[in-house]
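**Student:** Could you look at this predicted model? Sequence included:
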Amino acid sequence: MHFQRAPYAQTKLLRAVTGVIYDVIVDVRKSSPTYGKWEGFILSEYNHRQLLVPKGFAHGFVTLTPNVNVAYKVDGYYNPEADGGIAFDDPDLAINWPMPVEHLILSEKDKHHPQLKDADLNFVYGKD
């Protein structure tokens with residue numbers, strides 16, 4: 001689950017151009033009434049849905065079909081120093097992924113993200 005810390009946080013708009021993904025967002029804004037809560041969405045070339053991921057939310061997805069292409073629009077540039085993440089399998093989040101997590105293929109970086117309770121977060125609910 002990825003995000004960029006403020007002041008380099010990004011709002012993202014994404015869609016699956018080809019294939020199907022299961023996309024999850026998690027509220028990581030401290031003091032938010034939905035802090036640590038997640039929502040999942042199916043985005044596909046067939047349903048044409050788009051997802052707006054606001055600043056202060058971590059985001060990640062799994063592909064459900066081969067040959068997936070995802071298009072992103074973001075409102076700011078990527079800043080490697082602001083890059084952050086949380087573990088996709090954090091037991092406190094209990095994200096219901098649509099396949100056994102042991103079948104997921106992760107980058108080395110994604111294998112080592114901390115749990116939400118240990119993440120370096122600087123988002124505060126009610127502040128941009």
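**Tutor:** Looks like it came in fine. Residues are numbered from 1 along each chain as shown.
**Student:** When you work out contacts or count neighbours from here on, use the C-alpha atoms and nothing else.
**Tutor:** OK.
**Student:** Where does pLDDT dip in this protein?
**Tutor:** Within the chain, the ranges that satisfy pLDDT under 70 run 127-128.
**Student:** At which residues are the strands of it located?
**Tutor:** In the chain, the segments counted as strands under DSSP state E are 2-4, 12-18, 20-27, 38-44, 50-53, 57-63, 69-74, 83-85.
**Student:** What are the contacting residues of the first one?
**Tutor:** Counting by Cα atoms under 8 Å, 6 or more residues apart in numbering, strand 2-4 makes contact with 9-10, 56-60, 78-79, 82-86, all of which sit outside it.
**Student:** who does the residue nearest to the spatial centre of the chain bridge with?
**Tutor:** What sits nearest the mean C-alpha location of the chain, by Cα atoms, centre = their mean, is residue 59, with 0.7 Å. Note on residue 59: beta-bridge partners by DSSP bridges are residue 2, residue 25.
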